[in-house]
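Student: need coordinates for the following:
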Amino acid sequence: MQIKKLKVRPQKNPPVVLCGPHLASMLGCWAATKDMRSLGPCQSHAQALYDCMRTAPMKRKQHQPAINYHLARLGKTLKD
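Tutor: Sure, this is the predicted structure:
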């Protein structure tokens, strides 16, 4: 089944990861030292990630049109 008039737009804004570098450094430390409880050499990385997560602003959910809206649009296209 093909719909000739259907267009899909890419997302406008890529997601922003605020604490990504802190998480990457902690995971790298875990992989290198196998200190999964973050009690030894990875303690500073774990604390930095914890502080970042505490102070990072909460991301608000973007409004997305309901599925019924999209179904109504497709219904008009399929009837033609």
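Student: residue 19 and residue 50 touch, don't they?
Tutor: No. Residue 19 is beyond contact range of residue 50, at 9.6 Å (criterion: C-beta atoms under 8 Å). Bear in mind the C-beta positions are built from the backbone N, C-alpha and C, glycine included.
Student: neighbour-wise, which of the two wins?
Tutor: Set side by side, residue 19 and residue 50 show more neighbours around residue 19, with 17 against 14, by other C-beta atoms under 10 Å.
Student: that one and residue 2: what is the separation?
Tutor: With distances taken as C-beta to C-beta, to the nearest Å, residue 19 is found 43 Å from residue 2.
Student: what of residue 68?
Tutor: 23 Å.
Student: more neighbours: the two, which one.
Tutor: residue 68 (8 against 4).
Student: check the secondary structure at the more buried one for me.
Tutor: Following DSSP: H, G, I helix; E, B strand; the rest coil, residue 68 is assigned to helix.
Student: element containing residue 23?
Tutor: Following DSSP states H and E, one finds residue 23 within helix 20-33.
Student: gap between that helix and the chain center?
Tutor: From the chain centre to the centre of helix 20-33 is a distance of 18 Å (C-alpha atoms, centre = their mean, to the nearest Å).
Student: alpha carbons only: can I get it in CSV?
Tutor: The C-alpha trace of helix 20-33 is given here as CSV (Å, rounded to 0.1, in the frame of the first residue of the first chain):
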residue,chain,number,x,y,z
GLY,A,20,25.9,13.1,29.1
PRO,A,21,29.6,13.8,29.5
HIS,A,22,29.4,13.0,33.3
LEU,A,23,27.6,9.7,32.5
ALA,A,24,30.1,8.8,29.9
SER,A,25,33.0,9.4,32.3
MET,A,26,31.4,7.3,35.0
LEU,A,27,30.7,4.4,32.6
GLY,A,28,34.3,4.6,31.3
CYS,A,29,35.6,4.5,34.8
TRP,A,30,33.5,1.5,35.6
ALA,A,31,34.7,-0.3,32.5
ALA,A,32,38.3,0.5,33.2
THR,A,33,38.4,-0.3,37.0
